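**Q** pasting the structure only:
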């Protein structure tokens, strides 16, 4: 008998902890529910990316400030800006930053601040 670490049901038979031929500390019902939610989120994200309404533009890190400035200059008074950016980092940039996510995020924020003249926290 075991206890699920996700739903905390106790006295469950051992076979309940087998999901896709592997044994887990989480019961198969919780694993299946979580997998279904993850697939739903993944599909929703993919559908948003692929929809005709969403325009996705991949830009290099050096173009962020100009891109943000262009977005802001094209706004009407009291308009809200919403944009999705995918930033393409070239090999030299990745070599300079390495795997330090904080440095990479700081670099991106600095470029955005340069484009919109706003201090992001």
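**A** Now that the structure is in, tell me what you want to look at. None of these values were measured; they are calculated from a predicted model.
**Q** Report the buried residues of the biggest helix by length in the chain.
**A** Under DSSP state H, the helix in the chain containing the largest number of residues is helix 28-50. Buried positions in helix 28-50, judged by neighbour count with 16 or more other C-beta atoms under 10 Å: 28, 30-31. For the C-beta atoms, the positions are set from N, CA and C on the backbone; glycine is no exception.
**Q** For the chain, which residues score under the pLDDT cut-off?
**A** The model of the chain has pLDDT under 70 over residues 45-57, 88-89, 97, 99, 115-121.
**Q** All the helices of it, residue numbers only.
**A** 28-50, 64-73, 91-97, 101-116.
**Q** Tell me which of those helices sits nearest to residue 83.
**A** Among these, helix 64-73 comes nearest to residue 83, with 5.9 Å by C-beta to C-beta.
**Q** pretty sure residue 5 is in contact with residue 26, am I right?
**A** Yes. With contact defined as C-beta atoms under 8 Å, residue 5 counts as touching residue 26 (5.7 Å).
**Q** So between the two, which is more surrounded?
**A** residue 26 (17 against 12; other C-beta atoms under 10 Å).
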